[in-house]
Structures are given as structure tokens and as C-alpha cells.
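> here are the coordinates; sequence isn't available:
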């Protein structure tokens, strides 16, 4: 980064924190010092500074923007309209170049969520509707919370704070809040022109689905056999049966299943199989030993299942217990020093994790952060 860009980056932090903290600081000054005119002068000074900074050339700001983390990106987005327009125009490019983050929750208060990046920085966010709820997974950038007392689901985006509420689920349906059992995905239904939450549980014969809103109701798709996982890919939904057969799931006016004749699909030997999506390719990942996985690519053009050999695959597989898995190409990551001891890799070693399975209780993928904001 040039000296000029470094000065701009430093000033961005000063201006941002001054602008968002002004109201509180002025409030304290007004009553502690009794100097209202000083507060007004401070406010005028900051507004004047923001006005001049908003005129900065976007060609100068863009390389700075691309060096920020996801949390700093939101701060950048909140400085002024000019910076917000730049951030919005480069949203997909920025989020697509961020590494996955691990997710954890406070043990003392159940509404604090922590996201930690590969630089070891933690971002704490307060999720009000998570109080009294259990996080059971994530989908399309949303954390999924289930409140057992009322049997309702809340989906919350920890960055944008966008929320989706789904109606109370029938009490006859027993929700297993074990994240390794529960499955949920957010899909778009063309027949309803709405987003739909689809839920299932491993080794059960039922799929439930509902649109968001208090007036909505849950619908049930009864299956002839237990299923192991369910996933959405390229506008279609797929599931794996307990006998390791691949099916397409339909939730239209005639809901049901269609068996797919996928050649070479491993009908035996799949242990804890689950779908993993790279955005361009759908994989099935199977655990063959403790923290050891093998992956298969679903080639829908040739209707063939291809076992992935590590030297040939371009993606790293991030596998989580909480239905929080994805395949990500490390070449898309921003060039920052990676200080994650568990990986023990530097930027120059990014190619070494291709084909590897990286394990965490729960992953969060910034490139999916705003996927569902088109609701």
C-alpha cells in the first residue's frame, strides 16, 4: 500500500469511529462539562471532514477497500453515501475474496455471537432474537435459531442484521436441535415467488417447508425412506437416502422425489455423507475416518459421479458439524498473511490446502453473507 493510501486508510478509521461515536460523546460532554457549544463545534467539524472525505477518488479508495476484513467493510460502508456506493458496487468481489470464519457463542449470555477470521481477529455481534434459542445451523449467510418454547425459527444475518421469521412449527414434529442431525436450507420457490425454509432431520422420513411470516403455515412432504442430507444447487433440490441413492426433491404443486441415475454413485461405503457446494459444482463429502474425508463431484451434464483426487481438485473443503460446509477455491482469497496455527500455512502455500478438508464445529462463509438479501 502506498504512503498516500496508508494515510487514507488511517484517516478512514478515525473518521468512522468519530462519526458513529459522536452522538454518545456529545451527550456525555453536554452534561458533564456543560459546554454545548463545544459539542456543536465538534459535530460541525466532523460533518465537514466527512464532506471532504466523501469526495475522494474511488480509484484511490478501491485498493484500500479490498484490503479490509468483513467487519471493517461494514464500517467503510457506513461512512458516507459515496463510500457506500463504492462498497455496494464491489460487494460480490469483496465477499468472494474473504476466507471462511469460525463461529462460536458466548457461554455466559446466549445472544452474543463471535466470528473469528484467519488473522485471529474476533467480531462480536449481539443477536436479540437468539435469546432463549438454540443455533442449529446456517444457510445463505443466515444463522438459524430455534426457540423450543414457541417452536419458531429465526434466521439472522450476523453482519447485515437482516432477520427472517418463520411460523411456529407443529408440536407433533419433534425438532432435534443437535446440529449434526438437523438440516435446513433457504431456497427460492418460483411457484410461490418467495423464499422458503426447508427443514429435515437425518434418518427421518419427513421434510417440512414454509415461507416466512406469521401468517404462513408449514407443509409436509412424507418420504418413503429416511434421508441423510438435503441441499439446494442451481435452482434444484437434492437429497441422499439412507440407502445412499441420489434424488431430486420437488416442492411445487406436485411435491415428490425423482431418483437420479447417477453413474458411479457410491451406493455403499458412504459414512455420514453430506452435500458441499462451491457455487459452480456440487460435491458429496463422506467421512471415512476421524477427520478424514473423501469427496465426489456430481457431474449433472454427464450424469456421473467422479471421485476427487486431491492433486486435481481446485477447492478446499470446509466441513462443519452444524450443516455449515462449503468448497472454496483458495486462489480467490485476498493475499494476506495467514496466521492460523491449525493450518500452519502462509500465503505462498495456499495451493497446498486444495483438496483438503478443514474441520470446525461451525463455519461462516462471507461470500454467502448477502446471498439471501434479495428476499
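That came through fine. In this text the structure is predicted, and so the values were computed from the model without any measurement.

> quick one: terminal-to-terminal distance for stretch 189-208?
For stretch 189-208, the first-to-last residue distance is 14 Å (C-alpha to C-alpha, to the nearest Å).

> Kindly report the same for stretch 149-167.
Start-to-end, stretch 149-167 (C-alpha to C-alpha) is 13 Å.

> how near is the residue most central in space within the chain to residue 186?
Taking C-alpha atoms, centre = their mean, the centroid of the chain lies closest to residue 141, which sits 2.9 Å from it. Computed as C-beta to C-beta, to the nearest Å, the residue 141 to residue 186 distance reads 9 Å. Where you see a C-beta, it was placed from the backbone N, CA and C, and this is true even at glycine.

> Likewise for residue 205?
Taken as C-beta to C-beta, the span from residue 205 to residue 186 is 22 Å.

> So for the two, which residue has more residues nearby?
Taking neighbours as other C-beta atoms under 10 Å, residue 205 and residue 186 compare with residue 186 leading, 21 against 15.

> Buried residues, the helix or strand encompassing the more buried one. List them.
In this assignment (DSSP states H and E), residue 186 forms part of strand 182-189. Across strand 182-189, burial judged by 16 or more other C-beta atoms under 10 Å covers 182-187.

> would CSV of the residues you listed with distance to residue 298 and pLDDT be doable?
Compiled in CSV, the buried residues of strand 182-189 are given as follows (distance: C-beta to C-beta, whole Å; pLDDT from 0 to 100):
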residue, distance to residue 298, pLDDT
182, 23, 90
183, 18, 90
184, 21, 90
185, 16, 90
186, 21, 89
187, 17, 83
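
> quick one: low-confidence parts of this protein?
In the predicted model of the chain, residues 1-52, 108-110, 191, 269, 290-291, 310-313, 321-322, 331-357, 370-375 satisfy pLDDT under 70.

> please redo it, this time with the cut-off set to 50
The model of the chain has pLDDT under 50 over residues 1-34, 42, 46, 311, 336-354, 372-375.

> hmm, back to that, now render the buried residues of strand 182-189 as JSON lines, adding distance to residue 148.
Supplementary listing: the buried residues of strand 182-189 in JSON lines, determined by distance: C-beta to C-beta, whole Å:
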{"residue": "182", "distance to residue 148": "12"}
{"residue": "183", "distance to residue 148": "17"}
{"residue": "184", "distance to residue 148": "15"}
{"residue": "185", "distance to residue 148": "21"}
{"residue": "186", "distance to residue 148": "21"}
{"residue": "187", "distance to residue 148": "24"}
